[in-house]
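Trainee: Turn this into a model:
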Amino acid sequence: MSIHEGIWVPLVTPFKNGKPELDKIQQLATQLMAAGIHGLVVCGTTGEAATLNEREQKQLLTAVLEVTKNSCPVLMGISGSDTRSLAEKVHAYDDQHLQGFLVSAPSYLRPSQEGVRLHFETIARATEKDIVLYNVPARTGVNIDLSTVIALEKQKNIVAIKESSGNLTQMMGLVNCSHLKVLCGDDAMLLDTLSMGGQGAISAAAHVRPDLFVQLYELMRADYFPEAQALFAEMQNLIRLLFSESNPAPVKAALAMQGLIQEELRLPMTAMSLAGKIKLAHELERLADLPLPVKARSLPGPVINNVRTLRMVR
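Mentor: Next up, the predicted model:
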């Protein structure tokens, strides 16, 4: 297994009275690592990075790196429309103990594919650290076409892509035609992505019962497809609810119900609706009754037995 595989979590940014709670993000990172996740992302979309200033982003990154201590790879989210300023930003982080950067396509401007390619090449040349492309056209307004991804493979430190277009055909093309590691960014497509040959996910939903997401990945990696299907069937309603309203509001609601953070977001993001919270609370209660999975890396025996019992838990 290479570094850019498995289940990665784009950390939420806990707030208290309008300020980031650094101790809470450290606690979240520590708990996720204990659950077996394979990597963390700081200041991604789920982290409400667009509402954070540069000082706050640096504070959050420093806090997470203090607890990972090189035991878990960390990506820093980079987004924006000004190629030059983003290249300067990644260069400024070169002295940090980061694995690399998760870089989205430039938003709002809707550049040509040549512009998209040059944007990523310029940023990649500003650092020796890894670059993970982030394709999320619903937010940026521009798709990173397959031909552009293939052209970007010439840049040696562009190593993976988080694919969040929701387009199965595009996902299949990336898996079959690209040499980059392909990470699912649309949690509802996680099983499909792994079935096609994708290498993992950067999953906001994996904040909640991360052990189940890790176990799903390990089952697929060990070719236990029926058991993975059974497990994913149990996870689908949670995933649906966590994206039934704008991310990360439902994820933060779930974490607040678990007593891990306060349910606070920055405008223009608002909290999950009461109706949504009621449904989410019921689902969290149901999931709490699922058998605790053994460590996913101890496959095959006990894990398979546990997964087979899931059908009888409802």
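Trainee: In the stretch 101-250 of the chain, where is pLDDT below threshold?
Mentor: Across the stretch 101-250 of the chain, nothing is flagged by pLDDT under 70.
Trainee: Strands along that one, start to end?
Mentor: Taking DSSP state E, counting those that start in this stretch to define them, one finds strands in the stretch 101-250 of the chain at 130-135, 158-163, 181-184, 200-202.
Trainee: looking at those, which is buried most?
Mentor: Highest mean neighbour count of the strands of the stretch 101-250 of the chain: strand 200-202, a mean of 28 (counted as mean count of other C-beta atoms under 10 Å). Glycine gets a C-beta too; all of them are placed from N, C-alpha and C.
Trainee: which other helices and strands contact that strand?
Mentor: strand 6-10, strand 181-184, helix 190-196, helix 210-221 (3 or more C-beta pairs under 8 Å, 6 or more residues apart in numbering; DSSP states H and E).
Trainee: Sheet partners, orientation included, of the second one?
Mentor: Which is strand 181-184. Sheet pairing for strand 181-184, assigned by DSSP bridges, gives strand 158-163 (parallel), strand 200-202 (parallel).
Trainee: any residues touching it, and which ones?
Mentor: The contact list for strand 181-184 (C-beta atoms under 8 Å, 6 or more residues apart in numbering) reads 2, 4-5, 8, 132, 159-163, 171, 174-175, 190, 193-194, 197-203.
Trainee: could you redo the last one with a cut-off of 7 Å?
Mentor: Residues outside strand 181-184 that contact it (C-beta atoms under 7 Å, 6 or more residues apart in numbering): 2, 4-5, 8, 159-163, 174-175, 190, 193, 198-202.
Trainee: again, but for the first one
Mentor: With C-beta under 7 Å, 6+ apart as the contact definition, strand 6-10 has outside contacts at 32, 37-41, 44-47, 183, 200-204, 206-207, 210, 213-214, 217.
Trainee: How far off centre is it?
Mentor: Centre-to-centre, strand 6-10 and its host chain are 5 Å apart (C-alpha atoms, centre = their mean, to the nearest Å).
Trainee: Now do that strand and strand 158-163, the angle between them.
Mentor: Between strand 6-10 and strand 158-163, the angle comes out at 70 degrees (axes from the mean of the first three to the mean of the last three C-alpha atoms, to 10 degrees).
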